[in-house]
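Undergrad: Model the structure of this input:
(4 chains)
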Protein chains: 4
Amino acid sequence: MLTHHDVTIRVRYAETDQMGVVYHSNYLIWFEVGRVELMRALGFDYKLMEIEDDTFIVVADVHCRYHHPARYDELLTVRTSILEAKNRTLKFAYELLRQSDNKLLATGHTIHVACNRAGHVKHFPDKYKQAFLKLVVPHASRSHA
Amino acid sequence: MLTHHDVTIRVRYAETDQMGVVYHSNYLIWFEVGRVELMRALGFDYKLMEIEDDTFIVVADVHCRYHHPARYDELLTVRTSILEAKNRTLKFAYELLRQSDNKLLATGHTIHVACNRAGHVKHFPDKYKQAFLKLVVPHASRSHA
Amino acid sequence: MLTHHDVTIRVRYAETDQMGVVYHSNYLIWFEVGRVELMRALGFDYKLMEIEDDTFIVVADVHCRYHHPARYDELLTVRTSILEAKNRTLKFAYELLRQSDNKLLATGHTIHVACNRAGHVKHFPDKYKQAFLKLVVPHASRSHA
Amino acid sequence: MLTHHDVTIRVRYAETDQMGVVYHSNYLIWFEVGRVELMRALGFDYKLMEIEDDTFIVVADVHCRYHHPARYDELLTVRTSILEAKNRTLKFAYELLRQSDNKLLATGHTIHVACNRAGHVKHFPDKYKQAFLKLVVPHASRSHA
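TA: Got it, this is the predicted structure:
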């Protein structure tokens, strides 16, 4: 059973700052890459979700905890899972791992609201909601993790 | 008594995305502008803090809640305050307001750890800590806010 | 007679890279700020140009020469002028100056094509073209500069 | 004989703007990915070039021509070649191709100067120069291309 999706990121020079590590806002961009690829793994194309179903997944809430800095040229894994899928909201969790030693660099979550192009809240079309729900990690198994 | 500091941001075209609103990670960059200018208002130059005092304010935790989208060319206020100043950590709070109607677009906080250039945790030099402490909003007044 | 427009930029931490200077692609974003503010000084609002006149100024060509690095927290002037205004194209020139010593850090230009929302080339509405033309530095005066 | 190196980029949501296409400064970041991967294909690690050989490849000049817009989620090829390798400078050329139809979206070049950490111009260490030279496309063959 699929419970999460992994995607590889190579840190770009542009993503570093003068402290010699990755500037912290870039992690949110990597999380976006993680959830888009998780959706692709579920058989959905986020681009078409916007165009064909007039459904945008607007970011409503972001949290990120930075444990260890990511550095230029490192290969990282963004591990994305779905914590919660409701009629109009969706909650993703992320782990950022350094591939060389599997060290956990950061953890985070994002909460999203389904909106149409005009920005009004709507229900997720059913095909998406069903797919998201299959992926939601049951609370019981999470509590034993 | 100074309890917060306001700085004005003009939204750049580069900060928008194809949804027609500001991409969410840019808010963290504006928060950075907010805390740097708050420090400048306290008489400190973050640049010199790095160079002269070997003290870097590393981001350890970020949270942002997005209430309403910011849009291209809008003038925004980043309102920054200090929630907590300890020996080695510092917690900032942010409000992002649209200047045309004073609407609250986003709220957030960041937690920072004092580190030296090598990335090791250290105490904030006393002059900074004293200045930060003067700005911390007492819990009592916050609870009545 | 207005021949150029100056706007002030404060370098953000996010714009630096691990070489300790500003990452080079950010200069293009500052150039964008420069031309938007030049248009505002001419009495135009680029936002309304998109919405009310269905005219987008699409970037077709960019050149930048980097003379000296910009650094964190520096105050810079983006000096923008119009080199050429034709029916469907517009050419801007930029100088980036460090305010502390007026040193020239970079020079550049951008060429733009007027397009409608669908991305098709169109003529600039006359009111814009007339305003742009007033600003174009005559070749004669440029050659004596 | 290796004459260029191809690397694949997937367009991120963060790279789009409200015109619905990729914001133009991001192409420069992709060019950077292109030259780093070209160097890796030559057996060099740019990260180690900075650390072990105190050699930084500072950007001195950038040009980009935008033929057709890149869009969200597209797979692109950055095709990088070396136009010129001198003692202290290096010139790269780039082609950006859309993988679905092999359409040429943009072309560009960058000129770089070898510097040490302090920012002073230096000669490229010989091992790099020899490797770069092997890749330089001879003018004769270029004129027949």
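Undergrad: how long is stretch A:7-18 from one end to the other?
TA: With CA to CA, to the nearest Å as the measure, stretch A:7-18 spans 27 Å from end to end.
Undergrad: List the buried residues for that stretch?
TA: For stretch A:7-18, a neighbour-count test (16 or more other CB atoms under 10 Å in any protein chain shown) marks A:7, A:9, A:11, A:12, A:13, A:14, A:15, A:16, A:17, A:18 as buried. Using the backbone N, CA and C atoms, a C-beta is placed for each residue, glycine as well.
Undergrad: ok, now stretch A:29-45?
TA: Buried residues in stretch A:29-45, counted by 16+ other CB under 10 Å: A:29, A:30, A:31, A:32, A:33, A:34, A:35, A:36, A:37, A:38, A:39, A:44.
Undergrad: Go through those and name the one nearest chain D.
TA: Nearest to chain D out of those is residue A:29 (CB to the nearest CB; 4.5 Å).
Undergrad: The closest one and residue A:100, how far apart?
TA: 21 Å (CB to CB, to the nearest Å).
Undergrad: Just the ones of the buried residues of stretch A:29-45 in helices?
TA: A:29, A:30, A:31, A:32, A:33, A:34, A:35, A:36, A:37, A:38, A:39 (DSSP state H).
Undergrad: Next, format the residues you listed as JSON lines and append distance to chain C and pLDDT.
TA: Formatted as JSON lines, those follow (distance: CB to the nearest CB, whole Å; pLDDT from 0 to 100):
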{"residue": "A:29", "distance to chain C": "12", "pLDDT": "98"}
{"residue": "A:30", "distance to chain C": "15", "pLDDT": "98"}
{"residue": "A:31", "distance to chain C": "17", "pLDDT": "98"}
{"residue": "A:32", "distance to chain C": "17", "pLDDT": "98"}
{"residue": "A:33", "distance to chain C": "19", "pLDDT": "98"}
{"residue": "A:34", "distance to chain C": "21", "pLDDT": "98"}
{"residue": "A:35", "distance to chain C": "22", "pLDDT": "97"}
{"residue": "A:36", "distance to chain C": "23", "pLDDT": "96"}
{"residue": "A:37", "distance to chain C": "25", "pLDDT": "97"}
{"residue": "A:38", "distance to chain C": "27", "pLDDT": "95"}
{"residue": "A:39", "distance to chain C": "27", "pLDDT": "93"}
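Undergrad: can you tell me if stretch A:13-31 touches chain B.
TA: Yes. Using CB under 8 Å from any CB of the partner chain, stretch A:13-31 comes into contact with chain B via A:19, A:21, A:24, A:25, A:26, A:28, A:29.
Undergrad: Looking at the residues you listed, spot the one nearest residue A:74.
TA: Residue A:74 has its nearest neighbour among the residues of stretch A:13-31 next to chain B in residue A:21, at 10.1 Å by CB to CB.
Undergrad: tell me the centre residue of chain A?
TA: residue A:35 (3.5 Å; CA atoms, centre = their mean).
Undergrad: Double-check that one against residue A:93; I have them as touching.
TA: No. Taking contacts as CB atoms under 8 Å, residue A:35 lies outside contact range of residue A:93: 10.1 Å.
Undergrad: Right, I'll call it a day here.
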